[in-house]
Structures are given as C-alpha cells and as structure tokens.
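Trainee: with the input below, show me the fold.
(chains A and B)
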There are 2 protein chains.
Amino acid sequence: MVFNPSLSINSVKVGFCCSPSTPLNCRQNVTSTSLKYVSVKGKEASRMCSLKTNTEINSNEGYICNENLRKGGESMNIVWHKCSIEKIDRQELLQQRGCVIWITGLSGSGKSTLACALARALHSRGKLTYVLDGDNVRHGLNSDLTFKQEDRAENIRRIGEVAKLFSDAGVICIASVISPYRKDRDACRSILPDGDFIEVFMDMPLHVCEARDPKGLYKLARAGKIEGFTGVDDPYEAPLNSEITIQMDGEACSSPEVMAEKVECYLDAKGYLQA
Amino acid sequence: MVFNPSLSINSVKVGFCCSPSTPLNCRQNVTSTSLKYVSVKGKEASRMCSLKTNTEINSNEGYICNENLRKGGESMNIVWHKCSIEKIDRQELLQQRGCVIWITGLSGSGKSTLACALARALHSRGKLTYVLDGDNVRHGLNSDLTFKQEDRAENIRRIGEVAKLFSDAGVICIASVISPYRKDRDACRSILPDGDFIEVFMDMPLHVCEARDPKGLYKLARAGKIEGFTGVDDPYEAPLNSEITIQMDGEACSSPEVMAEKVECYLDAKGYLQA
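Mentor: Residues are numbered from 1 along each chain as shown, chains lettered A, B, ... in the order given. Presented below is the predicted three-dimensional model:
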C-alpha cells in the first residue's frame, strides 16, 4: 500500500475528539469521522483530514500525521485535542474519582472484612470498586513469587502498580494487604497522584488478631512451622501518617459497617464519590 | 478483648446482602446493619446477628461465624447469601460485561490506533473501557523486565493477568500488545472464562507496517541495532482462530472508526454491551 494523499499538511498534529458520537449502526459502514478541529489553517483542511493519510500512531496522543504534506506549497497547521479517553473521562462516566484505599495491618486484623464491607457500602451508592486481595493476587499475577523477603516486596510493588492502573481506570481500588514495611507502602504511595493513595491502618492489638487467627497461621507460626510471620518473628511497621486508623472501641471491635463508614466518610469529604 | 456473645448460633454461616442500603449519614454512627436473612431459625436470630460475635473472616464468602454459639440449648441454622460484591454486581452497575479485547499484531499494524478508537466509541455509548498498552505497562508493572525471550513471555503473562482482573472488575479491557507467540496468547485466553477473551488480529502486511514504522524501530532492526524484532528477525505467529481479523480493504487501510466498529459490532452481538 502506498499513501498518496492529494492534499498536504505541514507539521501537523491531528487527533480525534472525545465527544460522544452517535451509536454506530452495525449494518452499515461508517464513513464519517468524529474529528474535531481546534485550529485549522487552510480551507481544505476539513475535507483533507477525512482522507487516508500517512499517519504516525502515538498511543498517548492519538493520531499524528508525520508526513510533510503540502497543498500547492501552502503549509497548514492543524491541532486537535488529545484524542484518547483519559482518566477524567472515565471519572465523569462513573461519577467518582479513581483512587487506592490501601488497607494495611496484621493477619486477622480485619483487612478483608473492611474491604468487603466498604465494597458493599460503595456499591450500594452506585460506585464502582474493586478489591485487590493480597492472597488472591498470589494465585494469579504473583503466582511466580515466593514468600522470601525480596519476593514479598515484589508482591507489594506489583499490587501497588495494578492498584494504580485501576485508579487510572476511575475505579475505587481497595487493596487489602498486610504490607508490613513502611518502605514498601510508601513506594506504592509515591507512584500515585497526591491524595489518591489513602492508607487505612487496621490498628488492632496482636493478641486480638492472634485470638481470631482466621487462617490458623498464628498457630503454625508459633509452632515454628512458618518462618518470618508478621507479628510473630517478623516486624510490622505501623504507618506514621495513615489517612485513616481503625481501632478498637474500648474492648469491642467496631462492626464492619462502622469501619466502612469511616472510610466512606473520608472519601465523601475528599470528593472521591463524585466526578 | 474477649468475645462474650450473649446469644448462640450453631454451625452458622452468615453474610451481608448486596442490596443497596440507604446512603449513610456521616455525622452519626450507624448502628443498623444491612444484614438480610435467607433462612432463619429462631425468633431471636434477627436481634442476635446485630450483636458483636466472634467471627471468622473469609474474604470470598464474607463473614462466617465460627463459634458454636447456643441460645438456651436451641441450635439455629442461619444462611445468608454470599456477601461480597461480585463480577455480576459490577456488571449490573455498569450495564456491560467485563471482557478482554486482546489486540495482537506487528509493530505498526495499528493496534494502539484501534484500541484508542474502540475506547472512544464505547465511551460514547457510556461503556467503561481501559486500555492496557504493552509499552506503557513496561514503565510500571513490568519495569523489572528486559526484552529477553523469557521476560517477553512474562510481560505478556502479567498483562494477561491484569486484563483478567479488569475483566473481573466489569471493565472492557483493551490490551494492545504485539504478543507474537500463539502459546503466550493462548495462555492468556485460558485463564479467562469462555468467550471473555476476544482476540483481534491486526492482519497487516509487513511492508505496510514497515512503511509506517511509527517508532522507527524497523529502521533500527534492519540496521542491526535491535535484535529479535518481530517480523524482522523474530517470527510473528498469526492467530489460527482469532475472534476478529482486521485486514486491508484492497490497497487501503480502514479508518480507525471502521476498525473499531467491527469490534463494537462483535461485542454487541455477543451481549457484552449490556448487563
């Protein structure tokens, strides 16, 4: 195939606008485009840009004509808006702001419970959430990782990166991961826009978590059958500046709903539950 | 903290329903729960389950009371629906079905262009999409990977796993990756539910892609400055049974909109654009 554009553009940057087009009729070919000009020099520009031209593809900026195309020696500069659907468009669609709720704490501290209750509460308000569970991700994305020190850090790094992608998709991503080291959590925070990493510290006493022992892991750790278990023979570094801390209410644990409400109120106050 | 439930449940499986609750008032504590009984034995069950009990957390099934709790010797069996928000709930919210559009083809074949046009077309219909671009992911999640053979496979494996998560989130995930080997693509297909992996083959002749050379990579590969470049000194294994094939229209390339329409029509026909 040889491109033979009959019209020419000089130093042109073109793209497709993001404005909604009418639904396509799947039984007929679409020949019209949704091109929108921001600045057009040259009266033929409109017609010209619906022609097939030699184009350079740039996934971040949409289409860029890279040919020095000329029409009768007259150069034209045409600039379109950035074409692709961005985070802001998805947020508008979802009527919420993408972010990461990072729930950290000891095994048995209630991370999954809070994640689940929060997902329910937000879903009931029509908000899209997705729970990334440390354990579940190990079955898929992180199935190649062991529980050695460096692999545990890599486990958290990847969850942070995936959470970032979800946040960029406009989703309220709820990550539920022990993530015992400050350094690893802070690295996840650092890759997100300011404010979009919301750290929730499940500040539960070890003896409470150990009494629950939902997976029987404390028992195994105490028996020496698991090494490097957080809280037993490996440290948990409590957050210094978590956005939200969940603590016991005296001798009692708050209900999942009350814990979720605390996070929900924070999100509300910070404007994450609207576009 | 010691749990002293005043009421007892025997072999109980409890959970929280997914039905929408009224928006919470963030200025007052919420004491009511959104519990919904599926089967309740014992007149006190309703009151009982709003009490704090010793509960075992199971992130897949929500709450499971694991105490043998008794009330005056009377055992009660209570079963709730699975509590957590599942893919089906998110799909209902989004009015679409989560899936993976896997766009494969040579460098310069138009993968990113199609991804971008498809995202625009679907967005204009109120559908939530997310583009996973092979190059972009290498800056974040896969920044630890080289371009060696095994790392390229790992790059694709991870993109497949992340795409699966997005699909599970209810999102229409558009993955744009050269993914030259059948084995790697089929591995990504195999981890998704039947039908949810939609392979789109950009069936463009090498000379067309090379003439475009959007990133100047063919030039580098021909000059011997890049080794193992797909189409030059590394094979591209064309899909044998891709759901969709995009080809040239004679001597011309279809417009991004026409290519996107083809995929959109497929999604429509297969019911992915409704819940």
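
Trainee: just the buried residues of the top helix by length along chain A, please?
Mentor: In chain A, taking DSSP state H as the definition, the longest helix is helix A:149-168. Within helix A:149-168, the residues that count as buried by 16 or more other C-beta atoms under 10 Å in any protein chain shown are A:152-168. C-betas here are computed from N, CA, C, even on glycine.

Trainee: quick one: low-confidence parts of the stretch 151-275 of chain A?
Mentor: Scanning the stretch 151-275 of chain A for pLDDT under 70 picks out nothing.

Trainee: any idea how chain A splits into domains?
Mentor: Domains of chain A are assigned by automatic domain parsing as A:1-83, A:89-269.

Trainee: ok and the longest helix of chain A relative to helix B:149-168, angle-wise?
Mentor: Between helix A:149-168 and helix B:149-168, the angle comes out at 50 degrees (axes from the mean of the first three to the mean of the last three C-alpha atoms, to 10 degrees).

Trainee: near chain B at all, helix A:149-168?
Mentor: Yes - using C-beta under 8 Å from any C-beta of the partner chain, helix A:149-168 reaches chain B at A:154, A:158, A:161, A:162, A:164, A:165, A:166, A:168.

Trainee: now the strands: where do they sit in chain A?
Mentor: In chain A, strands defined by DSSP state E lie at A:55-58, A:62-65, A:99-104, A:129-133, A:172-176, A:197-203, A:244-247, listed in chain order.

Trainee: residue B:208 is nearest to which of the ones you listed?
Mentor: Of all the strands of chain A, it is strand A:55-58 that lies closest to residue B:208, at 12.2 Å by C-beta to C-beta.

Trainee: okay, now residue A:238: neighbour count?
Mentor: For residue A:238, the tally of surrounding residues (other C-beta atoms under 10 Å in any protein chain shown) stands at 14.

Trainee: how about the one 4 residues further on?
Mentor: With neighbours defined by other C-beta under 10 Å, the count for residue A:242 comes to 19.

Trainee: quick check: it touching residue A:200?
Mentor: Yes - assessed by C-beta atoms under 8 Å, residue A:242 is found in contact with residue A:200 at 6.5 Å.

Trainee: which residues do the two both contact?
Mentor: Residues touching both residue A:242 and residue A:200 (C-beta atoms under 8 Å, 6 or more residues apart in numbering or on different chains) are residue A:104.

Trainee: now do the closest residue to residue A:218 other than its chain neighbours against residue A:235, distance only.
Mentor: Excluding the flanking residues, the one nearest residue A:218 by C-beta to C-beta, 6 or more residues apart in numbering or on different chains is residue A:210, at 4.5 Å. To residue A:235, residue A:210 is 15 Å away according to C-beta to C-beta, to the nearest Å.

Trainee: quick one, which of the two is more surrounded?
Mentor: Neighbour totals were compared for residue A:210 and residue A:235, and residue A:210 leads with 18 against 9 (other C-beta under 10 Å).

Trainee: could you see whether chain B lies near stretch A:231-246?
Mentor: No - counting by C-beta under 8 Å from any C-beta, no contacts exist between stretch A:231-246 and chain B, the nearest distance being 13.1 Å.

Trainee: buried residues in that stretch?
Mentor: Buried residues in stretch A:231-246, defined by neighbour count with 16+ other C-beta under 10 Å: A:231, A:232, A:234, A:236, A:239, A:242, A:243, A:244, A:246.

Trainee: returning to that earlier point: between strand A:197-203 and the longest helix of chain A, find me the angle.
Mentor: Helix A:149-168 and strand A:197-203 are oriented at 130 degrees to each other (the same axes, to 10 degrees).

Trainee: report all helices and strands that helix A:149-168 contacts.
Mentor: strand A:99-104, strand A:129-133, helix A:134-139, strand A:172-176, helix A:182-190, strand B:129-133, helix B:149-168 (3 or more C-beta pairs under 8 Å, 6 or more residues apart in numbering or on different chains; DSSP states H and E).

Trainee: redo the ones you listed as CSV? Include distance to residue B:192.
Mentor: CSV is the format used below for the helices and strands packed on helix A:149-168 (distance: least, C-beta to C-beta, whole Å):
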stretch, distance to residue B:192
strand A:99-104, 24
strand A:129-133, 16
helix A:134-139, 14
strand A:172-176, 20
helix A:182-190, 27
strand B:129-133, 14
helix B:149-168, 6
